[in-house]
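**Student:** This is a predicted model, with the sequence first.
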Amino acid sequence: MTLPETAGPRLRITEIFASIQGESTRVGLPTVFVRLTGCPLRCSWCDTEYAFQGGENRSIAEVRDAVAAHGIRHVCVTGGEPLAQKSCLALLAALCDAGFSVSLETSGALDIAAVDPRVSRIMDLKAPGSGEVSRNRWENLAHLTAHDEIKIVLADEADYAWAKAQIALHGLGGRCTVLLSPVQGSLDPTLLAEWIVRDRLPVRFQLQLHKILWNDARGR
Ligand SMILES: C[S@@+](CC[C@H](N)C(=O)[O-])C[C@H]1O[C@@H](n2cnc3c(N)ncnc32)[C@H](O)[C@@H]1O
Ligand SMILES: Nc1nc2[nH]cc(C(=O)O)c2c(=O)[nH]1
Ligand code: SF4
Ligand SMILES: [Mg+2]
């Protein structure tokens with residue numbers, strides 16, 4: 001007997017929406033976002049606090065079908081902290097099985113080793129200005145491949161100095177793409193761009209494109 005499609009593990013979901021990918025090397029691609037509810041971190045500058053609670057329970061099949069209904073091949077699983085829900089791993093595999101090109105946005109505080117290798121993992125390293133630097137799971141670095149990306153979000157010049165030191169210490173530029181992104185309204189993007197060029201950093205400068213297009217609107 002086959003189980004109904006709504007059986008099995010359920011995930012707490014804040015929203016599923018179509019937009020333009022605003023971050024990572026996939027920037028600009030039409031993408032469906034699946035935002036999982038809840039996060040064990042509290043980054044001082046988090047722009048998605050509305051995902052800390054609430055949401056609705058959905059089965060993996062329901063999420064997959066809701067994604068498919070948008071008719072877009074790129075999917076970004078984000079949050080909140082997606083890996084804080086155990087069933088996220090099964091969701092990522094199910095989305096890959098369904099033929100989507102899948103990326104995952106994750107804080108870097110949880111183990112990324114069991115994520116399906118077809119998924120591009122966009123992993124933050126939390127800088128001191130986030131207030132969560134102690135949560136970085138440094139063991140994760142060993143699991144990253146050229147298919148993944150590291151993102152460091154910078155609140156100020158001290159965060160930039162920290163990022164520069166970590167890039168050198170861990171040879172981050174040789175592992176995968178390293179994205180440096182300013183906290184909007186906190187660090188002047190032009191200054192960050194100039195520091196990167198001055199220091200010849202092996203990184204990719206990033207602005208959150210969706211905020212340029214839609215400001216801080218929810219579901220964009
Ligand atoms: C909302 S988080 C969700 C995924 C996961 N919890 C994480 O931190 O990667 C998605 C991405 O948005 C970034 N982000 C959140 N608030 C930001 C802000 N104010 N400025 C720039 N990036 C921000 C995070 O650093 C992360 O890379
Ligand atoms: N357009 C758009 N692109 C994004 N890329 C990563 C996002 C996220 O919140 O993780 C995000 C988001 O919230 N909106
Ligand atoms: S880990 Fe991600 S969702 Fe959680 S507080 Fe930090 S930026 Fe926000
Ligand atoms: Mg966002």
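**Tutor:** Nice, thanks for sending it over. Ligands and ions are numbered 1, 2, ... in the order given.
**Student:** which parts of this protein sit against ligand 2?
**Tutor:** Residues of the chain that fall close to ligand 2, judged by Cβ under 6 Å from any ligand atom: 19-23, 33, 48, 76, 78, 105, 210, 220. The way it works is simple: take the backbone N, C-alpha and C, and place the C-beta from them, glycine included.
**Student:** residue contacts, V183?
**Tutor:** Neighbour list for V183: 45, 129, 153-155 [criterion: Cβ atoms under 8 Å, 6 or more residues apart in numbering].
**Student:** what's the offset of the lengthiest helix in the chain from the middle of its chain?
**Tutor:** Longest helix in the chain, counting residues (DSSP state H): helix 157-170. Helix 157-170 sits 20 Å away from the centroid of its parent chain (Cα atoms, centre = their mean, to the nearest Å).
**Student:** Do the helix or strand following that helix and ligand 3 come into contact?
**Tutor:** Note on helix 157-170: by DSSP states H and E, the next helix or strand toward the C-terminus is strand 177-182. No - using Cβ under 6 Å from any ligand atom, strand 177-182 stays clear of ligand 3, with a minimum separation of 11.3 Å.
**Student:** So in that sheet, which strands flank strand 177-182, and in what orientation?
**Tutor:** Here strand 177-182 has these sheet partners by DSSP bridges: strand 149-154 (parallel), strand 204-205 (parallel).
**Student:** Output that strand in PDB, but only the C-alpha positions, please.
**Tutor:** Extracted in PDB, the C-alpha atoms of strand 177-182 (Å, rounded to 0.1, in the frame of the first residue of the first chain):
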ATOM      1  CA  THR A 177      33.500  31.400  -4.100                       C
ATOM      2  CA  VAL A 178      33.700  33.800  -1.100                       C
ATOM      3  CA  LEU A 179      31.000  36.500  -1.100                       C
ATOM      4  CA  LEU A 180      31.400  39.700   1.000                       C
ATOM      5  CA  SER A 181      28.100  41.500   1.600                       C
ATOM      6  CA  PRO A 182      27.600  44.800   3.500                       C
END
